[in-house]
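Chemist: Next come a sequence and a model predicted from it.
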Amino acid sequence: MPPAKHTANEEDAFMQNLLSGLDDSFWNASPTPDPSPAKPKQKTTRIIHEEKRPSTPPKPAGVLNLAELLEGAEDWDFSDVFLTPKKEVKKKEIPVCKARFVRSAACTRCIVQAVEEHQNLIVKVDGSKEKRSIILRDDWSVTDVRKGDIVNAIGEFTVLGESSSSLTSSIAISSKNNLLILHPDVLITATALSNAPQCRRKPLITSLVRSSTDYTPSLVWGNMLHSVLQACLVADRWDEIWVDDKIDEIVRSGLSDLVRINTNVDQAKREVKARAKGLHAFSEKYMASSPKFGANLTNTRAGRNDVSLLAITKILDIEEDIWCPSYGLKGKLDATVQTTISETKPPFHKPVLTDGPKPLELKTGRAMAGMEHRAQTMLYSLLAEERYGLEVSSGLLYYTQSEEVLQVDVNKNELRGLIMARNEMAGYMVRRHEDPPEHFLPPTLDDERLCKRCYVLDACMLYRKAVENVEDTDSPIADAYSLKTSHLSPSHATFFKQWEHLISLEESDLGRFRKELWTMGASERETKGRCFSSMVIDSTYRPPSQSHASRDTKIHQYTYKFLRSSGYKISSSLLSGFLNAGDPVTISVEPHLLALARGFILELTPTDVIVGVDHDLSSRSIRDRLSAFGSASSDIIFRIDRDELFGGMGRIRENLAQLFYLGGDTKRLELVVDLKYPSFSSDPIPLPPSVSQYSAHLNANQMQAMNKVLSAEDYALILGMPGTGKTTIVASIIKTVVAMGKTVLLTSYTHSAVDNILLKLKDADFSILRLGNTDKVHPEIRSMTLSSKREPTTVEQLEFQIMTPPVVATTCLSIDNPKYQVRNKEARQGGLDVSLFRRLSDAHPHSVVDLAYQYRMNSDIMMLSNKLIYGDRLRCGSQAVANRSLVLPNRNFLKAVHGGKLTCHRNGCWIEQLMSESCKAVFVDTDLVPARDSKVGDLVQNEVEASLVYQVTETMLRSGVTPDQIGIISLYRQQVKLLTQMLHEHKGIEVLTADRSQGRDKDCIIISMVRSNDDGSIGDLVKDWRRMNVSFTRARSKLIIFGSRKTLQDVPLLKEFFALMEEQKWIMQLPPKADVSHARAFEATTPSKRVVEDTFSHRKENASSIRPQKKMKVKKGVTEEGLLRSRPILRDLVNDGR
């Protein structure tokens, strides 16, 4: 019978009766020794709700003062002291079961060789010749596996006995044991997969089209509350003042979202605060070192009388991005927490404590515990187990509005169902890239209620109409289908289908590189130029304060400097690869922690790289994770990989789809797709007198262009050949239009093209807003960016900053991407490299104005483009332009080069000939030197040619030519890196790729063609006449081209080029060893010589000593150059990042 409970009044009355009649003599009396023998004290065991404290030695026995002993007795709790005595029960300590280390289930990557009867797969283990058997049973037997597919078998193979078969082992994939992962290199997000059980089509549509218009107040409030809760978890602060301050901070950092939903800061704070009122109660319940009474953990799968209590003891990570190629999954976990869970189950009622990491999924709505949320949490548990190497048998769901935390157990059968759904999705995603392409979307759900409410309905119906060509008049969604697509004509459907297909061809090439992160070792990938292996963090580095950091710093939370580890044996430069400053990267810890952080390269030198990343890479947090894998290395070894899929194609598809949606961009649909005839006003446009100053300096051609633009009611096209003043006329048009009270959007494919025009407007009397990544904006233009302005604290202030400037400038592609150009040959042949300008100008030539008078190049340099490209349509704007030449201010250095013991070729010094004022356009043939190209992984460079370029550049500088007068161009990124390092002390000299040289006009341009070999291997970049033309036409007074005539002369375009140069006698044949004939003169002026020698000492055959170069075997595969040659979108993306 349980002890009775008494009220406070009853207890007071009891104490009063108990102590009545006792005078002071009682309290002052000395105790009389008890004559009875003392019984030994019974041992007890404490319950470990409190930490054990070291015991102190007992005080010696003495005379007890009873008054002192009973002091404060009136406050004692006697509720169970004088009741019926109960036999004392020994209480044992409750053991805490730590999460056990789990060895990941055996994962065997295989290539399907054959699919036999009853879904018996004959596979070859990837990377070996061993053949095995995979038997698909039960519901696995319906898996659509085909010959050539990549699969992962999760589980242990059974070795087969001696037989005549060539198979060594087999595994059965059944409903009880093991898993099969189809196309594991396709990483599907846990969020997308959690939607699959309801509708297979929706997650695939979502992955194709990245919508940027789904902003609702509830979404914004939810995102903000999400950030507040994560901040509370990290700081372990839950008091009202701190939470209110954090809400204020997060609301003000999301002003752009408030602008989208048309609300103000005060309203946003009220909304978020109302939703955050339960956070303190959450912390009181669950944030503790051990489970508290009342910290209930709900588990809908638990027994009726089961009781679970939760304590969150530590925050392990926030927004943790986990890639898991073993299961073909990836996900971003809201929070990963260390927990202690007390579970009490009948009939024993003994609590069991378990300790370990768990994913904590935050939901800002009311508790639903629906199928999608449960599936998502279950998949996150699987990802967390892979990342931490510890058993994660369940995950946590916290619903902020109900203050309820749910435990979601990883159910074996449900997990199997999700993996099978994942395999189906991956099959569809891969199928579209097959030849011939198959249906790549599952059929529609055809549920009227669900489909009409679906947030991807517009895109889903567009694909159904344009790509799948479905005729539907009687299905449950026929009305919705008709509503969303009846406005589309057959030509609209054809246009969308064609261009969507071309985009997908581009996308297919991107996936090839990302899988190298888990299929290729770091060292091997570094040889291909796409990775830095064996890197360690420089613990002495302290990052500088960010003077012009972007306001959106989610991707740049931490800054680290990486160096080669001491155990790295190969002497190679970090400049020897595709990785450049500004490139997106992933940071992994070798060999267990894949893609631990993502970010961008901030700075790159031959020996170190500085990156800004989104996650903490401190050694303590990483060592805790590595300990689960048994890694005890003293150094944490990192690999830094180029992130090939940072942006993806979702935004491009969204822009395309917006043309065709009901209520979409109808005007652009008519002009771009239907090629509607553009109209122009026949009446002259009246201009205010103040505007005439902006056109006074324009020639007749440029004035014609100005008038065409001002009279255009739809669009006007200006076709400007090199040097004809396109930048000048655009700047003048902007000034004129602004003076007329209009607003202007200035956009281009590249940051450099946008900034070249803004440089001409930096002194304008109106404000300009430059949008984009601040690191890619020209330093002189950064004052126009938002980051240079005072950070707004209200919506009104932000609206003023973004709405007041009459000119807004940005790139026309996603500003967080590198640059697009078409990689896929089929996509190019299908027309993906046809520019919008060309499409419109071919359709409506009357909308085009030609600019023919150029003011940049002298007549010799102009002749190259005129004869090879423009059919003699170019004209020099004046005689002064035609006669331009580069004059050396001081020729003393040239004299010193040949003084004393220094000698040169008997037919004259080649450097002195190049410095002549009459030498205005020249091809310098390096065949006799010789100057052979070499490979750094997949990258091409030419060290001897770089040395020749360096000597010419140094001579000009020593002769008084200023650094900003000289530009150096190469088609190859590795050559640009090499030359940049050799000239790194001359900060004013720009060393650029052809694409980035747009708008970078210089008095002298030096071009390094790089390619020089006996095989006649020239690659594809030199075949691109547009790039060659851009390179030639950057020069004003002098153009010097270094290259091997023997290697290059068979290129059709260059064949004409060499014929013209021969006819004009503009070819200079360098003598043997020309690169060393002036060696002494340049020893004192080669500050980076030692660095370059150290960098490339392991490739002695290519040094200036000119020993014959051993012919290299190059594995046939996809190099960057090969991929870029026929892929316009991706080539633009990559080159903008350069």
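Modeler: Structure's in. What do you need?
Chemist: how far away is Ile652 from Val307?
Modeler: Note on Ile652: its distance to Val307, by CB to CB, to the nearest Å, is 53 Å. No exception for glycine: its C-beta is placed from N, CA and C like everyone else's.
Chemist: For these two, indicate the residue with more neighbours.
Modeler: Between Ile652 and Val307, counted using other CB atoms under 10 Å, the more crowded position is Ile652 (22 against 16).
Chemist: Give the residue spans of the stretch 251-400 of the chain that score low on pLDDT.
Modeler: Counting by pLDDT under 70, the stretch 251-400 of the chain has low-confidence residues at 348, 366-369.
Chemist: Could you pull up phi and psi at Pro476?
Modeler: Taking degrees, to the nearest 10, you get phi -60, psi -20 for the backbone angles of Pro476.
Chemist: In contact with the residue nearest to it when sequence neighbours are not counted, which residues?
Modeler: Sequence neighbours aside, Glu448 is the residue nearest to Pro476 in space, at 4.3 Å (criterion: CB to CB, 6 or more residues apart in numbering). Applying CB atoms under 8 Å, 6 or more residues apart in numbering to Glu448 gives the contacts Pro476, Ile477, Ala480.
Chemist: Verify the contact between Leu769 and Ser783 for me.
Modeler: No. In this structure, Leu769 is not within contact of Ser783 by CB atoms under 8 Å, at 11.1 Å.
Chemist: which helices and strands does the longest helix belonging to the chain pack with?
Modeler: Ranked by residue count, the top helix of the chain under DSSP state H comes out as helix 490-514. For helix 490-514, the helices and strands in contact under the criterion 3 or more CB pairs under 8 Å, 6 or more residues apart in numbering; DSSP states H and E are helix 457-466, helix 650-658, helix 825-830, helix 1128-1137.
Chemist: Below-threshold pLDDT in the stretch 701-850 of the chain: ranges please.
Modeler: Residues of the stretch 701-850 of the chain that meet the criterion pLDDT under 70 lie in 813-833.
Chemist: quick one: the helices in it?
Modeler: Taking DSSP state H, counting those that start in this stretch as the test, the helices found in the stretch 701-850 of the chain are 726-739, 751-759, 795-803, 825-830, 836-843.
Chemist: what's the angle from the second one to helix 726-739?
Modeler: Orientation note: helix 751-759 sits at an angle of 60 degrees relative to helix 726-739 (axes from the mean of the first three to the mean of the last three CA atoms, to 10 degrees).
Chemist: before we move on, the earlier item: could you measure from the residue nearest to Pro476 over to Tyr463?
Modeler: Counting by CB to CB, the gap from Glu448 to Tyr463 is 19 Å.
Chemist: ok, the host helix or strand of Gly356: who's next to it in the sheet?
Modeler: Using DSSP states H and E, Gly356 sits in strand 352-363. Sheet neighbours of strand 352-363, with direction, are listed as strand 96-98 (parallel), strand 329-344 (antiparallel), strand 394-399 (parallel) (DSSP bridges).
Chemist: Out of the ones you listed, which one sits most buried?
Modeler: Between the strands paired with strand 352-363, the one whose residues have the most neighbours on average, counting mean count of other CB atoms under 10 Å, is strand 394-399 (a mean of 24).
Chemist: Which among the helices of the stretch 701-850 of the chain is found nearest to Ile1007?
Modeler: Between Ile1007 and the helices of the stretch 701-850 of the chain, the shortest separation by CB to CB is 17.9 Å, and it involves helix 751-759.
Chemist: so what does the closest one touch, helix or strand wise?
Modeler: Other elements packing on helix 751-759 under the criterion 3+ CB pairs under 8 Å, 6+ apart are helix 726-739, strand 744-748, strand 768-770, strand 807-811.
Chemist: Restricting to C-alpha, output that helix in CSV.
Modeler: Written as CSV, here are the backbone C-alpha positions of helix 751-759 (Å, rounded to 0.1, in the frame of the first residue of the first chain):
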residue,chain,number,x,y,z
HIS,A,751,31.5,39.9,-64.6
SER,A,752,34.3,41.5,-66.5
ALA,A,753,32.0,42.6,-69.4
VAL,A,754,29.6,44.2,-66.9
ASP,A,755,32.4,45.9,-65.0
ASN,A,756,34.1,47.3,-68.1
ILE,A,757,30.9,49.3,-68.9
LEU,A,758,30.5,50.4,-65.2
LEU,A,759,34.1,51.7,-65.2
